[in-house]
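Student: Sequence and predicted model, in that order:
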Amino acid sequence: MFVLELTYTAPVERVDALMAEHITWLDEQYAAGVFIASGRKNPRDGGVILAVAEDRAAIEKIAAADPFAAHGVCAYRITEFIATKTAPALAPYRQQLP
């Protein structure tokens with residue numbers, strides 16, 4: 001599982017101008033089964049996405065396709081972790097330690 005932390009690198013007005021494209025990109029990743037949760041940080045200086053994928057390279061490619069990243073209004077920090085314990089609703093995403 002991956003935590004994608006977005007930090008805005010441009011004024012929020014530039015971010016807002018790309019919001020519709022960003023939401024379309026989010027919707028595509030939800031439909032593909034990659035994203036399982038997302039939202040704005042509070043205070044509003046970026047966002048957080050929980051994602052599942054085969055490997056980090058796949059997540060990096062997806063993040064690079066985000067219109068926010070493509071237009072240089074955010075930077076991504078990607079953290080991989082092994083989700084060994086989850087809420088019951090997230091049981092399909094539980095992982096075993098190697």
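Tutor: Looks like it arrived, so ask away. Numbering: from 1, shown residues only.
Student: hang on, isn't residue 50 packed against residue 39?
Tutor: No. In this structure, residue 50 is not within contact of residue 39 by CB atoms under 8 Å, at 9.7 Å. Heads up, the C-betas are built off the backbone N, CA and C, glycines and all.
Student: Looking at those two, which one has more neighbours?
Tutor: With neighbours defined as other CB atoms under 10 Å, residue 50 and residue 39 compare such that residue 50 has more, 17 against 9.
Student: show me the contacts for residue 84.
Tutor: Residue 84 sits next to 94-97 when contact means CB atoms under 8 Å, 6 or more residues apart in numbering.
Student: Let's see the pLDDT reported for it.
Tutor: The per-residue pLDDT reported for residue 84 equals 97.
Student: Phi, psi for it please.
Tutor: phi -80, psi -20 (degrees, to the nearest 10).
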